[in-house]
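Asks: here is my input, please return the structure:
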Amino acid sequence: MTRTSPFAESLFSRIRLDLACGIGLLTRLPINGLLSARQRAQSGPWPLARSLWCWPLVGGAVGAFTGSMAWGLEAMHVAALPAAGLALAAQSALTGAFHEDGLADMADSYGTHARERKLEIMRDSRIGSYGVLALCLSLLVRAGAIAALPAPALIGGLALAGLLSRATLLWLPRLLPPARPDGLARSLTPLPRGAFAVAQSFAFLLAALLMTGLINGSSPPVPPENQPLFWRLAPALGLVISAAGLSGWLVARSARKHLAGYTGDVLGAAATVADCLVLAALTILFHN
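Replies: Numbers count the residues shown, from 1 in each chain. I've put the predicted structure just below:
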């Protein structure tokens, strides 16, 4: 019988704990099965910052689930738009509308000018008219984009959007200070450079693989037609990464101006806006 080295056991335990942190934060899935008995017995703080390397992977899995729901409903002859709405409802149940809550809170904060009052509003569990409007617009954009995508592109396209949106939100702790001395933003400071680099590397490589699959399965072909795969992949991948980058820049700029930093709600807003813009960009490349 072979014995696993203490280093390997430690590394495996760290990976399991990181995955449990990422899944527990970004979804409502039970995570006890990922933890060892020793980890379940521990009462210390969870290593959220260290776990961020897996956040894009969790986002991609959530997107793939949503795309699978939409694809399955369309296969049962549900019209594209209702299928998109039901798939987004299933996604909200899976994630607890975690990022959408951040978008609504950040939008509501625009109803006042004082920074401290903005932060106070963002902690209020009640939703205002700005928050309702932001949620409605984000759902409209996402549902419309999902309905516009051809069935073969749904799973890969939504996985790509989920992957890039979670990779995008990680740039805000890199660029901005925490706006509060507590909360999720403070727990990510200082941002681990190694975990951040792994997250962005995973996001880029998996985005390239997903886009390659989408292009190869596209009908009609993605322009420029009759060109080698690289010359079709590069502009398509550049388009969706630019859409994600633009969303991150817009949210970061707004957070710097209005809050002088970022909060957990700002991260949720960045993920939701990125999801919208990446899905909109995908409709340029693939559409019914």
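Asks: ends of stretch 104-119, how far apart?
Replies: 13 Å (C-alpha to C-alpha, to the nearest Å).
Asks: and that stretch, how far out from the chain's middle?
Replies: 23 Å (C-alpha atoms, centre = their mean, to the nearest Å).
Asks: what comes up buried for that stretch?
Replies: Neighbour-count burial for stretch 104-119 flags A104, D105, M106, A107, D108, S109, K118, L119 (criterion: 16 or more other C-beta atoms under 10 Å). Backbone N, C-alpha and C define where each C-beta goes, glycine included.
Asks: which SSE is the second one in?
Replies: Spelled out, it's D105. helix 98-108 (DSSP states H and E).
Asks: which helices and strands sit right next to that helix?
Replies: When contacts are defined as 3 or more C-beta pairs under 8 Å, 6 or more residues apart in numbering; DSSP states H and E, helix 98-108 packs onto helix 115-123, helix 129-148, helix 229-259, helix 264-285.
Asks: can you list contacts of it?
Replies: 25-26, 92, 121-124, 127-128, 130-135, 138, 165, 251, 254-255, 264-269, 271-273, 275 (C-beta atoms under 8 Å, 6 or more residues apart in numbering).
Asks: ok, then the element right after the lowest-mean-pLDDT helix or strand in the chain?
Replies: Within the chain, no helix or strand scores below helix 37-41, which has a mean of 71 by mean pLDDT, DSSP states H and E. Counting by DSSP H and E, the element after helix 37-41 in chain order, helix or strand, is helix 55-75.
Asks: relative to S254, how far out is C54?
Replies: 27 Å (C-beta to C-beta, to the nearest Å).
Asks: likewise for G261?
Replies: With C-beta to C-beta as the criterion, G261 and S254 are 12 Å apart.
Asks: so what's P178 bridging to?
Replies: When assigned by DSSP bridges, P178 has beta-bridge partners Y262.
Asks: count of neighbours near it?
Replies: The local packing of P178 (other C-beta atoms under 10 Å) involves 21 other residues.
Asks: any idea how far it is from P190?
Replies: 10 Å.
Asks: which residue is nearest the centroid of this structure?
Replies: Centroid-nearest residue in the chain, with C-alpha atoms, centre = their mean: R166, separated by 3.1 Å.
Asks: G245 and A167 touch, don't they?
Replies: No - at 10.0 Å, G245 does not count as touching A167 under the criterion of C-beta atoms under 8 Å.
Asks: neighbour-wise, which of those two wins?
Replies: Neighbours were counted for G245 and for A167 using other C-beta under 10 Å; A167 has more, 30 against 17.
Asks: what's near enough to touch that one?
Replies: A167 touches W55, P56, G59, A199, Q200, A203, A244, counting by C-beta under 8 Å, 6+ apart.
Asks: how about a cut-off of 6 Å?
Replies: Shown in contact with A167 (C-beta atoms under 6 Å, 6 or more residues apart in numbering): P56, A203.
Asks: turn the buried residues of stretch 104-119 into JSON lines, including pLDDT.
Replies: Formatted as JSON lines, these follow (pLDDT from 0 to 100):
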{"residue": "A104", "pLDDT": "96"}
{"residue": "D105", "pLDDT": "95"}
{"residue": "M106", "pLDDT": "96"}
{"residue": "A107", "pLDDT": "96"}
{"residue": "D108", "pLDDT": "95"}
{"residue": "S109", "pLDDT": "93"}
{"residue": "K118", "pLDDT": "93"}
{"residue": "L119", "pLDDT": "92"}
